[in-house]
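[1] Using only what follows, build the 3D model:
(one chain, ligands or ions: 2)
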Amino acid sequence: MPIKLAIHGAAGRMGRRVVALASQDKQIQIVAALESAGSHFLGHDAGLVAGGEKLGVSLSVVGESAADVVIDFSVPDAGIAIVDHCLQSKKPLVIATTGFEPDQKEFIAAAAEQIPIVFAPSMSTAVNLVMKLTEIAGKVLKDYPSGVDVEIIERHHRFKEDAPSGTALKFGEIVAEAMGLTDHVHGREGRTGKRTPQEIGYHAVRTGDNPGEHTIVFGMLGETIELRVAASNRDCYAQGAILAAKWLVGRPAGMYGMKEVLGL
Ligand SMILES: NC(=O)C1=CN([C@@H]2O[C@H](COP(=O)(O)OP(=O)(O)OC[C@H]3O[C@@H](n4cnc5c(N)ncnc54)[C@H](OP(=O)(O)O)[C@@H]3O)[C@@H](O)[C@H]2O)C=CC1
Ligand SMILES: O=C(O)C1=N[C@H](C(=O)O)C[C@H](O)C1
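    Ligands and ions are numbered 1, 2, ... in the order given. From the prediction side, this is the model:
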């Protein structure tokens with residue numbers, strides 16, 4: 001039996017790619033395509049909105065559905081509303097939305113005590129592999145004699161609403177943990193003084209239609225390492241979210257990441 005999938009934020013840039021790819025997947029049946037109450041796509045066929053063939057599933061607001069699992073690519077407040085809905089209906093949820101406030105993240109963590117949740121700022125296999133490489137590099141370079149300056153540069157499309165990206169923040173957490181660094185510095189301006197060894201620097205570039213690019217710079221005296229991962233389109237995220245949804249069905253309640261989904 002195919003897994004019954006609901007997609008929240010289904011008319012967005014990511015939601016459309018999830019609809020397009022999931023509708024080609026024989027292991028998946030899309031049963032709901034969800035949008036905000038104000039969306040002008042309500043009532044339109046989700047497959048046509050995604051640029052493909054008619055699916056027979058109309059864009060609708062959140063409500064009762066036969067879904068076995070939900071994928072969320074929306075905005076933080078709507079993300080919290082779908083967490084609440086999944087809690088009430090006891091449905092597994094893949095949260096791909098970024099930009100949550102600390103209290104919203106606490107709500108998600110509490111929800112994961114009752115339902116299974118995959119919560120990851122990047123669903124891409126390549127990005128998650130580079131996270132692993134970053135952890136290795138951080139641990140190896142932790143006590144490097146000349147000191148190591150870690151800076152995280154991310155580039156995204158002009159429409160992105162949160163900065164730095166959720167993925168950049170996750171890279172920063174990994175570096176902080178691996179190297180024992182404590183200071184997160186967002187951009188620099190004016191007479192900042194010398195860089196301190198405790199800093200992790202973040203730089204968010206917004207240009208054109210870039211679907212997402214991250215570079216982790218490990219700067220030493222005499223040599224530099226850069227780990228770079230760049231998407232050329234959004235399908236890496238959409239495929240990862242579909243993989244996570246399939247993996248999540250039947251799991252016990254808990255908070256999972258792509259690390260667990262991918263076995264990294
Ligand atoms: N984890 C990952 O791998 C990735 C995560 N992301 C994250 O996913 C999120 C979405 O990105 P993207 O698709 O580019 O953004 P879009 O703005 O294109 O899509 C968001 C969608 O959510 C809809 N939405 C807004 N409010 C609600 C609501 N109350 N209920 C249901 N739907 C709602 C929007 O509708 P409307 O336009 O009508 O407001 C829109 O269709 C962002 O947080 C982004 O950072 C993106 C790529 C990869
Ligand atoms: O908004 C985007 O586009 C992306 N957002 C995610 C993030 O904030 O990390 C993931 C990806 O980089 C694309």
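[2] gap between the most centrally placed residue in the chain and residue 28?
    Ranked by distance to the mean C-alpha position of the chain (Cα atoms, centre = their mean), the top residue is residue 121 at 2.4 Å. If you measure residue 121 against residue 28 using Cβ to Cβ, to the nearest Å, the figure is 23 Å. Any C-beta I mention is one placed from the backbone N, CA and C, and that applies to glycine too.
[3] just residue 223 next, same as before
    Residue 223 sits at a distance of 47 Å from residue 28 (criterion: Cβ to Cβ).
[4] neighbour-wise, which of those two wins?
    Here residue 223 and residue 28 are set side by side on neighbour count (other Cβ atoms under 10 Å), and the busier one is residue 28, at 20 against 8.
[5] Test my guess that the residue nearest to the centre of the chain contacts residue 170.
    Yes. With contacts defined as Cβ atoms under 8 Å, residue 121 counts as touching residue 170 at a distance of 5.0 Å.
[6] What distance do you get for the residue nearest to residue 256 when sequence neighbours are not counted to residue 262?
    Across the structure, with Cβ to Cβ, 6 or more residues apart in numbering as the measure, the residue nearest residue 256 apart from its sequence neighbours is residue 118 (4.8 Å). Here residue 118 is placed at a distance of 11 Å from residue 262 (Cβ to Cβ).
[7] ok, now residue 132?
    When distances are taken as Cβ to Cβ, residue 132 and residue 262 turn out to be 9 Å apart.
[8] More neighbours: those two, which one.
    Regarding residue 132 and residue 262, a neighbour count based on other Cβ under 10 Å identifies residue 262 as having more, with 18 against 13.
[9] wait, doesn't that one sit right on residue 128?
    Yes. Taking contact to mean Cβ under 8 Å, the distance of 5.7 Å between residue 262 and residue 128 places them in contact.
[10] does residue 244 sit in a helix, a strand or a coil?
    helix (DSSP: H, G, I helix; E, B strand; the rest coil).
[11] I should have written residue 16 there, sorry.
    In the three-state summary, residue 16 is assigned as helix, counting by three-state DSSP.
[12] starting at the chain centroid, how far to the strand or helix carrying residue 154?
    Residue 154 is part of strand 149-156 when elements are defined by DSSP states H and E. If you compare the mean C-alpha spot of strand 149-156 with that of the full chain, they lie 17 Å apart, counting by Cα atoms, centre = their mean, to the nearest Å.
[13] That one near ligand 1 at all?
    No. Contact between strand 149-156 and ligand 1, assessed by Cβ under 6 Å from any ligand atom, is absent, since the two come no nearer than 8.1 Å.
[14] Is that strand in proximity to ligand 2?
    Yes. In terms of Cβ under 6 Å from any ligand atom, part of strand 149-156 sits within range of ligand 2, namely residue 156.
[15] contacting residues for residue 262?
    Contacts for residue 262 (Cβ atoms under 8 Å, 6 or more residues apart in numbering) come out as 125, 128-129.
[16] Please tabulate the residues you listed in CSV and include pLDDT and neighbour count as additional columns.
    Compiled in CSV, the contacts of residue 262 are given as follows (pLDDT from 0 to 100; neighbours: other Cβ atoms under 10 Å):
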residue, pLDDT, neighbour count
125, 98, 16
128, 98, 21
129, 98, 15
